[in-house]
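> Kindly return the folded structure for what I paste below:
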Amino acid sequence: AIAAPSFPRDTLVQGRSLAGLATAAAALFGAILLFALIVVHRPAPWLALLGRVTHRLLPTRLADRLTHWAVGIVDGLAVLKSPARFAGVVAWSLVVWGVNAAAFAVCFRAFGLDVPLEAALLLQGIIGFGVAVPSTPGFIGVFEAATRVTLAVYAVDPNRAVSYALTYHLTTFLPITLLGLWSLSRLHLRLGELREGNGGGAGA
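Purely as a prediction, here's the structure:
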């Protein structure tokens with residue numbers, strides 16, 4: 001979206017170019033991915049190094065917790081060991097994000113917003129960062145704020161931007177929530193059981 005000719009080049013975030021920030025973020029995530037590929041193929045030395053450093057600098061309990069957390073992350077990155085499986089994950093991710101962007105674009109047209117199609121990519125990217133931070137249930141407020149900020153880049157009126165965000169949020173959040181509750185009822189589970197952490201046992 002930022003590379004598209006339609007993107008306003010004078011867009012600033014806290015006095016810095018948004019295009020420059022996006023480029024820096026892309027470089028950072030590329031470096032993180034490269035590091036993850038290195039670690040996942042030889043995790044033992046890296047986990048041992050982390051264990052030594054954390055136990056030297058932190059209390060034992062906290063160091064053990066961080067080490068356990070790191071082991072879980074490495075286990076979750078096991079897909080990177082298989083090029084074919086990793087390619088499949090990337091392909092499906094592109095499909096999912098593409099469908100999501102298409103939904104944003106369709107809603108643009110429904111609200112008569114005069115923004116380019118690639119604005120949907122920018123919108124879902126900024127929303128993705130926004131909801132990654134722990135916030136309110138269902139990301140209520142965060143979703144709308146991220147949408148307002150993004151659409152302001154394309155000179156969309158704030159009131160229309162918030163109306164767009166609320167409508168999109170509700171029409172996507174409510175059906176998924178209702179389907180989830182229906183699925184719970186089919187599995188004879190209760191929300192309380194899930195909170196207690198024994199939902200899997202009850203379902204079995």
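
> what helix or strand is the residue positioned nearest the centre of the chain on?
Centroid-nearest residue in the chain, with C-alpha atoms, centre = their mean: G128, separated by 4.1 Å. Per DSSP states H and E, G128 falls inside helix 119-132.

> who touches F111 in this structure?
Residues counted as contacts of F111 (C-beta atoms under 8 Å, 6 or more residues apart in numbering) are R160, S163, Y164, T167. Backbone N, C-alpha and C define where each C-beta goes, glycine included.

> What segments of this structure are strands?
Along the chain, the stretches classed as strands by DSSP state E are 12-13, 16-17.

> which stretch in these has the least confidence?
Lowest mean pLDDT within those: strand 12-13, at a mean of 68.

> In this protein, where is pLDDT below threshold?
Low-confidence segments of the chain, defined by pLDDT under 70: 13-14, 135, 191, 193-204.

> For it, which segments count as helices?
Counting by DSSP state H, one finds helices in the chain at the ranges 18-41, 43-57, 60-76, 83-110, 119-132, 142-152, 158-186, 191-195, 199-203.

> quick check, nearest of the contacts of F111 to R52?
The closest of the contacts of F111 to R52 turns out to be Y164 (C-beta to C-beta; 51.2 Å).

> Check this structure for me, the residue farthest from its geometric middle.
Going by C-alpha atoms, centre = their mean, the residue of the chain most distant from its centre is R56, 33.2 Å out.

> check contacts around that residue.
Neighbours of R56 in contact, by C-beta under 8 Å, 6+ apart: none.

> what about it, distance to D64?
Separation of R56 from D64 (C-beta to C-beta, to the nearest Å): 13 Å.

> Hmm, P5 and P116 touching each other?
No: P116 lies out of contact with P5 (C-beta atoms under 8 Å); the separation is 9.0 Å.

> More neighbours: those two, which one.
For P116 and P5, the more surrounded residue by other C-beta atoms under 10 Å is P116, and the numbers stand at 16 against 7.

> so which of the strands of the chain gets nearest L174?
strand 12-13 (31.8 Å).

> export the helices of the chain to JSON lines and tack on distance to R9?
Formatted as JSON lines, these follow (distance: least, C-beta to C-beta, whole Å):
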{"stretch": "helix 18-41", "distance to R9": "7"}
{"stretch": "helix 43-57", "distance to R9": "41"}
{"stretch": "helix 60-76", "distance to R9": "38"}
{"stretch": "helix 83-110", "distance to R9": "21"}
{"stretch": "helix 119-132", "distance to R9": "14"}
{"stretch": "helix 142-152", "distance to R9": "15"}
{"stretch": "helix 158-186", "distance to R9": "21"}
{"stretch": "helix 191-195", "distance to R9": "48"}
{"stretch": "helix 199-203", "distance to R9": "50"}
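
> between the ones you listed, which gets nearest to A1?
Taking C-beta to C-beta, helix 119-132 is the member of those nearest to A1, at 3.7 Å.

> re earlier: and the helix holding G128, which residues are buried?
Neighbour counts over helix 119-132 (16 or more other C-beta atoms under 10 Å) mark A119, A120, L121, L122, L123, Q124, G125, I126, I127, G130 as buried.
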